[in-house]
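[1] Mind folding the following:
(2 chains)
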2 protein chains.
Amino acid sequence: MQRYEHILLALDYSQESARLIDKALDMVERFQARLSVIHVIDAIPMPDTSYGTVIDVNQEVDEPLLAAEQLKFKALCQQLQVNPAEQWLVWGIPATEIINLAKHVHVDVVLIGYRHHHGLAALFGNKTEEVMRHVQCDVWTVNLR
Amino acid sequence: MQRYEHILLALDYSQESARLIDKALDMVERFQARLSVIHVIDAIPMPDTSYGTVIDVNQEVDEPLLAAEQLKFKALCQQLQVNPAEQWLVWGIPATEIINLAKHVHVDVVLIGYRHHHGLAALFGNKTEEVMRHVQCDVWTVNLR
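    Numbers count the residues shown, from 1 in each chain, chains lettered A, B, ... in the order given. Reported below is the predicted structural model:
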């Protein structure tokens, strides 16, 4: 059978994500696979109707945030012994960025946390379900309830 | 970390399900885990409005079907070397039966195929998404596109 050679870990920084990191480490070892890691800094597009939809990023406000995210991301990647070329810290809509990267770097499986959303959050759709609907590979969901 | 000790394979009999069986065999070996298998024979409840909702099973028509399903199921379980006590051939609504069994026999992960539904089929909901929303454990989805 076609074994998993390349795993994509979709990282978040919640308290429960330690479980996700443990699973990634275990999976890399059991499958002797290559690991790529993505973390998406959530960006909500700001529609400017005069010029069409644009994403408005206020660089002065966001730079310290980005620097802090980079530090945290690098530390986690080091813990996971991820090759620098396979560390992806990106700014965008999480599901979209994960789907695009999975396709771009040809992964065999996406390892991602799953939370059940209630109320208002459910209206915005579930990132993990969205990823599952659109990637061409397998998806391993770690229950973060 | 808490490793996977008990895997539940939710089996279907589609052409693509050979991939699912391969993954199950590989996973059992890599994790040295116990395997339970469930196959649900889809039953659509027939509402009888005079007496409330009842499931009307015509035994005479369904018995040969059930016998054939049993043979196929037993053969697959033998191929997977599943303990007879951990073979579950049940009649019902697939997502519901899988969710209930996962809870009942305390599995650590459900291994299940995923198909993207379009058109009318999408209206009835996606079995795999439904399972993911309700089980307390991890879910490993194998893309059967």
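[2] rest of the way, CA atoms for contacts and neighbours
    Noted.
[3] how about the biggest strand by length in chain A: buried residues?
    As assigned by DSSP state E, the longest strand anywhere in chain A is strand A:34-42. Of the residues in strand A:34-42, A:Arg34, A:Leu35, A:Ser36, A:Val37, A:Ile38, A:His39, A:Val40, A:Ile41 count as buried by neighbour count, 16 or more other CA atoms under 10 Å in any protein chain shown.
[4] out of the residues you listed, who's nearest chain B?
    Nearest to chain B among the buried residues of strand A:34-42: A:Arg34, at 16.5 Å, using CA to the nearest CA.
[5] contacting residues for the closest one?
    Contacts for A:Arg34 (CA atoms under 8 Å, 6 or more residues apart in numbering or on different chains) come out as A:Glu5, A:His6, A:Ile7, A:Val28.
[6] can you do 10 Å?
    Contacts for A:Arg34 (CA atoms under 10 Å, 6 or more residues apart in numbering or on different chains) come out as A:Tyr4, A:Glu5, A:His6, A:Ile7, A:Leu8, A:Val28, A:Val82, A:Asn83, A:Glu86, A:Val107.
[7] where does it land on pLDDT?
    pLDDT, A:Arg34: 96.
[8] hmm, back to that, for the contacts of A:Arg34, name the two members farthest from one another.
    A:Tyr4 and A:Asn83 (17.7 Å; CA to CA).
[9] So which of these two has more stuff around it?
    Legend: neighbour count by other CA atoms under 10 Å in any protein chain shown for A:Tyr4 and A:Asn83, higher for A:Tyr4 (18 against 13).
[10] and the lengthiest helix in chain A, what other elements does it pack with?
    Scanning chain A for the helix with the most residues, using DSSP state H, yields helix A:59-79. Here helix A:59-79 touches helix A:17-31, strand A:34-42, strand A:87-92, going by 3 or more CA pairs under 10 Å, 6 or more residues apart in numbering or on different chains; DSSP states H and E.
[11] Provide the contact partners of it at residue level.
    Residues outside helix A:59-79 that contact it (CA under 10 Å, 6+ apart): A:11-13, A:21, A:25, A:35-41, A:57, A:80-84, A:86-91.
[12] Contact residues of chain A facing chain B?
    Proximity of chain A to chain B (CA under 10 Å from any CA of the partner chain) is limited to residues A:1-4, A:18-19, A:22-23, A:25-27, A:29-31, A:109-111, A:113-117, A:128-129, A:132-145.
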